[in-house]
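Enquirer: predicted model, plus sequence, below.
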Amino acid sequence: MASRPERLLRGSDAPLSASFLELFFDLAFVLALSQTAQHLLGDLTLGGALRTALLLAGVWWIWVATTWTADWYDPETPVIRAVLIAATLGSLLAGVAAPEGLHGRAALFAGAYIGVHLLRGIVTVTMLRGHPRQRRALRILCWYSMTSVLWIAGVLLAQWRVTLWAVALAIDLAGPRLGWPVPKLGRARRDELQLAGGHLAERYQQIMIIALGELVVVAGLSYADTRLDLAKTAAFLLVFATAVLIGLLYVTPAGQRLGSALDRADPSRFGVITGDLHLVMVAGIVLTAAGAELSIAHPTERGDTAAVVAILGGPPLFLVGRIFLSVAIHRRLSWPRVGALVALSAAAAAVRPPLVVASAVAMVVVLLVVVLDRAGISSYPRPESSD
């Protein structure tokens, strides 16, 4: 009979599909994405974009760390269920704080972030007492305990907040890549970091659906607040078409082969890289959502440079992450995507058209990429067997 710590771990025969509470946890991410888009719209500058990226990365790392937890441990055990519920609450609170996360609600944002990571660490260290996997949980808890000092310092020192939080996030994101080295505990071995590729690939697809859903909801709510005239209807339909096309670009073909690639790869490298690249793609969708709100509300206006960049910049940012995901899996570039990236970047830098025209340009370029990609799908190498 398995010991209590052994029962906490996900078995090799456990189903790879996401549990109900994992999907419930994803719902909190909808609010976080919507709120970070609002933060960006409130400060549509380069500095504002970087500050929004900091908040988005914090929320994203809650999602990644919680997803890895549900991959390592059995999400049907009462203890891990409690951890998932707590992570859902923490993500919601981080989303609530996000629009003022660097100002009046900094304590709430940092407290939610710290609380999720420390609670998970304390629970897993306690429940794994006497088991070899306790050392992994203890290393991770030590890292988050260290960076929590920087998060708290950022709350107290407003003028240093962005710098301190950026350093804390960089350390947290570097942890799995380095194996969370701790004096006297060493660093995690490759077998301690192993991930179930099928489970993680499914979770990435689900969170991409959540991100695209947020884009569609923003478009629908923005359109509902208008008089439904021709220009605004056209802008709404263009955003919807762009969301559909971005979804098609994600799943074909590398998105469908991510699971087998994760099973074969070094999790401390490839597992972290895929998380980082999905963050870039999600950021592109958040930027697209911000641009959608502008284009639907003011379709015939010639927006300033910031507004045009928001509309034309989202799809290229998504394409950057998607291009490098293909490189990571197939070791080759998708030239149609590279061409689209160049074309959209040039358009954003060169022209100031009416916002609905900018949306049309973005949609047409993404459509061309989808068509060219589908024409060249057969040229993508099939992943090697893991046998």
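Expert: Everything's here; your move. This one's a predicted model, so the numbers in the text were calculated from it and none came from an experiment.
Enquirer: for the protein, what are the low-confidence residue spans?
Expert: Where the chain drops to pLDDT under 70, the residues are 1-4, 11-15, 253-257, 259-268, 303, 333-336, 341, 344-345, 347-351, 375-387.
Enquirer: how about the nearest residue to the most centrally placed residue in it, chain neighbours excluded?
Expert: Nearest to the mean C-alpha position of the chain, by Cα atoms, centre = their mean, lies Leu279 at 3.6 Å. Spatially, and ignoring its direct neighbours in sequence, Leu279 is nearest to Trp60 (4.9 Å; Cβ to Cβ, 6 or more residues apart in numbering). Backbone N, C-alpha and C define where each C-beta goes, glycine included.
Enquirer: hang on, isn't that neighbour packed against Val280?
Expert: No: checked against Cβ atoms under 8 Å, the pair Trp60 and Val280 is beyond contact range at 10.1 Å.
Enquirer: ok so the residue nearest to Leu279 is a helix residue?
Expert: Yes: when DSSP: H, G, I helix; E, B strand; the rest coil is applied, Trp60 is found to be in a helix.
Enquirer: okay, strands next: where are they in the stretch 1-150 of the chain?
Expert: Here the stretch 1-150 of the chain has no strands by DSSP state E, counting those that start in this stretch.
Enquirer: and the residue nearest to Leu33 when sequence neighbours are not counted, what does it touch?
Expert: Excluding the flanking residues, the one nearest Leu33 by Cβ to Cβ, 6+ apart is Glu214, at 4.5 Å. With contacts defined as Cβ atoms under 8 Å, 6 or more residues apart in numbering, Glu214 is in contact with 30, 33-34, 37, 285-286, 289.
Enquirer: which secondary structure element contains Glu214?
Expert: helix 197-224 (DSSP states H and E).
Enquirer: that helix: what's the following helix or strand?
Expert: helix 230-251.
Enquirer: what residues are up against the nearest residue to Arg51 once chain neighbours are set aside?
Expert: Closest residue to Arg51 apart from its sequence neighbours, by Cβ to Cβ, 6+ apart: Leu102 at 5.7 Å. Leu102 sits next to 51, 54-55, 109, 161-162 when contact means Cβ under 8 Å, 6+ apart.
Enquirer: let's go with 7 Å and repeat that
Expert: Contact partners of Leu102, counting by Cβ atoms under 7 Å, 6 or more residues apart in numbering, are 51, 161-162.
Enquirer: between those, which sits nearest Leu238?
Expert: Distance ranking of the contacts of Leu102 against Leu238, using Cβ to Cβ, places Arg51 first at 28.3 Å.
Enquirer: count residues in the vicinity of that closest one, would you?
Expert: Residues near Arg51, counting by other Cβ atoms under 10 Å, number 20.
Enquirer: what's the distance between Thr242 and Leu248?
Expert: Applying Cβ to Cβ, to the nearest Å, the value for Thr242 to Leu248 is 11 Å.
Enquirer: repeat for Val366
Expert: Taking Cβ to Cβ, one finds Val366 at 9 Å from Leu248.
Enquirer: name the residue in the two with the higher neighbour count.
Expert: Neighbour count, other Cβ under 10 Å: between Val366 and Leu248, Val366 has more, with 27 against 15.
Enquirer: give the contact list for the closest residue to the more buried one other than its chain neighbours.
Expert: Sequence neighbours aside, Leu245 is the residue nearest to Val366 in space, at 4.5 Å (criterion: Cβ to Cβ, 6+ apart). Listed by Cβ under 7 Å, 6+ apart, the contact set of Leu245 reads 366-367, 370.
Enquirer: quick one, which of the contacts of Glu214 are buried?
Expert: Among these, the ones that count as buried by 16 or more other Cβ atoms under 10 Å are 30, 33-34, 37, 285-286, 289.
Enquirer: in helices, which of these appear?
Expert: Among those, the members falling in helices (DSSP state H) are 30, 33-34, 37, 285-286, 289.
Enquirer: okay, now Val167: neighbour count?
Expert: Neighbours of Val167 under the rule other Cβ under 10 Å: 15.
Enquirer: helix or strand: which one has it?
Expert: Val167 belongs to helix 161-178 when elements are defined using DSSP H and E.
Enquirer: show residues contacting that helix.
Expert: Residues outside helix 161-178 that contact it (Cβ under 7 Å, 6+ apart) are 51, 54, 57-58, 61, 102, 106, 140, 143, 147, 150-151, 153-154, 157, 187, 193, 268-269, 271-272.
Enquirer: one more time with 8 Å, if that's ok
Expert: 51, 54, 57-58, 61, 68, 102, 106, 110, 117, 140, 143-144, 146-148, 150-151, 153-155, 157, 187-188, 193, 267-269, 271-272, 276.
Enquirer: which of these are buried?
Expert: By 16+ other Cβ under 10 Å, the contacts of helix 161-178 give 51, 54, 57-58, 61, 68, 102, 106, 110, 117, 140, 143-144, 147-148, 150-151, 153-155, 188, 193, 267-268, 271-272, 276 as buried.
Enquirer: residue ranges of the helices in this structure, please?
Expert: Under DSSP H, the chain gives helices at 4-8, 20-41, 46-72, 78-97, 106-127, 134-156, 161-178, 197-224, 230-251, 258-264, 272-297, 305-330, 335-350, 355-375.
Enquirer: buried ones in stretch 112-132?
Expert: Neighbour counts over stretch 112-132 (16+ other Cβ under 10 Å) mark 112-117, 119-121, 123-125, 127-128, 131 as buried.
Enquirer: same deal with stretch 26-36?
Expert: Applying 16+ other Cβ under 10 Å to stretch 26-36 flags 26, 28-36 as buried.
Enquirer: what's the spacing between that stretch and its chain's center?
Expert: Centroid displacement of stretch 26-36 relative to its chain, using Cα atoms, centre = their mean, to the nearest Å, is 11 Å.
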